[in-house]
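>>> prediction below, plus the sequence it came from.
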Amino acid sequence: MAEGKMHVNTWERPLNLTSSLHIQLKRSAVLAILLVTDYIAVVAAIWMAYTLREYVIPAIFFTKPFMQSPLGIYEIVVIPLAVIFFMNFDGLYVRRMPLWQQTEKIFKVSLYAILIILMVMYFTETVKQLSRIYMALVWLFCFVFLALGRYFVKKAMIAANIWQIPAVIVGAGKTAEMLLGAFAQDAGVGYKVVGLIEDKNALPDVFDNIPVLGTFADAEQAIYCSGVKDVIIAAPGLPRESLVNLVYRLQPYVNNITFIPDLFGIPVGDIGVETLFNEKTVLLTIKNNLSNGYSLAVKRVFDIVFSLVGLVVIFPLLTLIVLLIRLDSPGSPVFVAKRMGKKGVPFDCYKFRTMHANSDEILEQYLSTNSEALSEWNEFAKLKTYDPRVTRYGAFLRKYSLDELPQIINVLKGEMSLVGPRPYLPREKERMGYYVETILCTSPGITGLWQVSGRNEISFEGRLALDCWYVRNWSVWLDLILLFRTIKVVTKKGGAY
């Protein structure tokens, strides 16, 4: 245990960390606030869609006005209740989840709700009175307003200290440290750790401000006296018999028990769960989302659409970079390097040149006289501290990842994807080990999970694990998230060399 930390004798002196009534009142307040916010967001979305369809679109495209009241029975009752019903069905009023996962669910919920409404209107012959453009705008604004409403309302509830649920973590090892970091990074997840239950006497400094309520032996007494109704068991190495015993002991005293299974390293982002009641067990299905033709086709359409739009937007920037490179050093502004594509087929990968023309000779000479640089190269396949090959403007382009912009041409040619695994060198294939088949089943990406998770700060083996996780858990939504996160990472210059 960290110096100065003491166990609290929970069964002799109640902790009064919280009370059941207080927790219930907070939960009720949160539910009421979310319901009201969502209702207002949907009605506002309908009003905005009506305004655009009735006044803006006819003025621009010379079409007929919609000519219908913006607030009929469907607008103030049916559509809002349908959206709220689907949000409740998907657990958006009871589950705490990260921002991006919540936004994905809101996207799907708003789409399903509008589709159901259209079906109802069709069978009741009400659809003839509605504009398709109007309903499309209703869906779009529903998604935007619901997502923004949830974001800002959660921020307000966090500031008012009514959003986060008090929780006790059982176990205080690396897994618990990871949880604390996740809760601190995204308060929207909704847990506030108010105590620990741990047998160890020496705990990391990260737990210094969290009281130890008891040990595994007296866990139920510690939980009962704390008044906390949510427990997270963060001890994946606990033997099965001990875990089952612990769960049964704690269940009478809490509302929810969450435990983290020992599945570290296994891609579980899109895991399927089935329950076998007679056998009292569960089946976990791990998918390879980029192993079927439908997913690959969807990803290809996504790449083409976004690449064409992006190419038009950044064309002036590309022209400026070409001029700067030509002024900086002799040689072609575009560097062509061999990389492994889908199924290991090599292709010419385009990048803006950031190194001197004789970079291989410079590198060989530098590594031969610098042992620290040699070890750094062997671990990361990069030179992080200083790279003598890089030109003046090249360092700037690398810092902001602007050197990778020409790879949009590779995307349009079908050799790369906007988001995907890192484009590996042919000589790295042997080093990729058992990851190679999974990673090479799809095209490499301009950006990817490795880029937003530390970029060059991650070891070679770490990149392989992240790329494999991405392939098995791919979705269009994940690609959108990674594109947005790439912008954030690049502007902060994190991990770029």
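Received, thanks.

>>> do I have it right that residue 150 meets residue 40?
No. With contact defined as Cβ atoms under 8 Å, residue 150 and residue 40 do not form a contacting pair (11.8 Å). Glycine gets a C-beta too; all of them are placed from N, C-alpha and C.

>>> span of stretch 414-427 from start to end?
Stretch 414-427 has its terminal residues 22 Å apart, counting by Cα to Cα, to the nearest Å.

>>> now what about that stretch, what contacts it?
Defining contact as Cβ atoms under 8 Å, 6 or more residues apart in numbering, one finds that stretch 414-427 is touched by 299-300, 302-303, 306-307, 337-341, 346-349, 407, 410-411, 432, 439, 442-448, 450-451, 463, 467-468, 470-471, 478-479, 482-483.

>>> ok, now stretch 402-409?
If you take Cβ under 8 Å, 6+ apart as the criterion, stretch 402-409 is touched by 307, 310-311, 314, 317-318, 321, 334, 349-354, 394, 396-397, 416, 446-447.

>>> mind checking which of the contacts of stretch 414-427 are in strands?
Secondary structure assignment by DSSP state E places 337-340, 346-349, 445-447 of the contacts of stretch 414-427 in strands.

>>> re the thing from before, quick one: which of residue 150 and residue 40 has more around it?
residue 150 (21 against 13; other Cβ atoms under 10 Å).

>>> from residue 258, how far off is the more buried one?
Relative to residue 258, residue 150 is positioned 22 Å away (Cβ to Cβ, to the nearest Å).

>>> now residue 238
Applying Cβ to Cβ, one obtains 14 Å for the distance of residue 238 from residue 258.

>>> ok, back up a step: can you say which of the contacts of stretch 414-427 are buried?
299, 302-303, 306-307, 339-341, 347, 349, 407, 410-411, 432, 439, 442-448, 450-451, 463, 467-468, 470-471, 478-479, 482-483 (16 or more other Cβ atoms under 10 Å).

>>> and the closest residue in space to residue 296 that isn't next to it in sequence, what does it touch?
Once its chain neighbours are removed from consideration, residue 296 has its nearest residue in residue 290; the separation is 6.5 Å (Cβ to Cβ, 6 or more residues apart in numbering). Taking Cβ under 8 Å, 6+ apart, we find residue 290 in contact with 296, 299, 441-442, 471-472, 474.

>>> wait, is residue 290 part of a helix?
No. Checked against DSSP: H, G, I helix; E, B strand; the rest coil, residue 290 lies outside a helix; its state is coil.

>>> pLDDT score for it?
Taken from the predicted model, the pLDDT recorded for residue 290 is 75.

>>> cool, residue 476 as well?
In this prediction, residue 476 carries a pLDDT score of 84.

>>> can you show me the helices along the stretch 151-300 of the chain?
Counting by DSSP state H, counting those that start in this stretch, the segments of the stretch 151-300 of the chain that form helices are 174-185, 219-226, 240-250, 293-328.

>>> figure out which of the ones you listed is closest to residue 361.
helix 293-328 (19.1 Å; Cβ to Cβ).

>>> and that closest one, which residues are buried?
Neighbour-count burial for helix 293-328, with 16+ other Cβ under 10 Å as criterion, is recorded at 295-296, 299, 302-303, 306-307, 310, 321-322, 324-325, 328.

>>> cool, and stretch 122-141?
126, 130-131, 134-135, 137-141.

>>> TSV please, covering those and showing distance to residue 48.
Compiled in TSV, the buried residues of stretch 122-141 are given as follows (distance: Cβ to Cβ, whole Å):
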residue	distance to residue 48
126	21
130	16
131	14
134	11
135	13
137	7
138	9
139	12
140	9
141	5
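
>>> dump these into a markdown table; add secondary structure and distance to residue 379 as well.
Compiled in a markdown table, the buried residues of stretch 122-141 are given as follows (DSSP: H, G, I helix; E, B strand; the rest coil; distance: Cβ to Cβ, whole Å):
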| residue | secondary structure | distance to residue 379 |
| --- | --- | --- |
| 126 | coil | 65 |
| 130 | coil | 61 |
| 131 | coil | 60 |
| 134 | helix | 58 |
| 135 | helix | 55 |
| 137 | helix | 53 |
| 138 | helix | 53 |
| 139 | helix | 49 |
| 140 | helix | 47 |
| 141 | helix | 50 |
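
>>> out of these, which one sits closest to residue 490?
If you rank those by distance to residue 490 using Cβ to Cβ, residue 140 comes first, at 27.6 Å.

>>> ok so, going back, check the ones in strands among the contacts of stretch 414-427 and tell me the two furthest apart.
Taking every pair in the ones in strands among the contacts of stretch 414-427 and measuring Cβ to Cβ, the maximum separation is 21.0 Å, between 346 and 447.

>>> whichever strand or helix holds residue 142 packs against which elements?
Taking DSSP states H and E as the criterion, residue 142 maps to helix 132-159. Contact analysis of helix 132-159 by 3 or more Cβ pairs under 8 Å, 6 or more residues apart in numbering; DSSP states H and E lists helix 20-51, helix 79-89, helix 99-123 as its packing neighbours.
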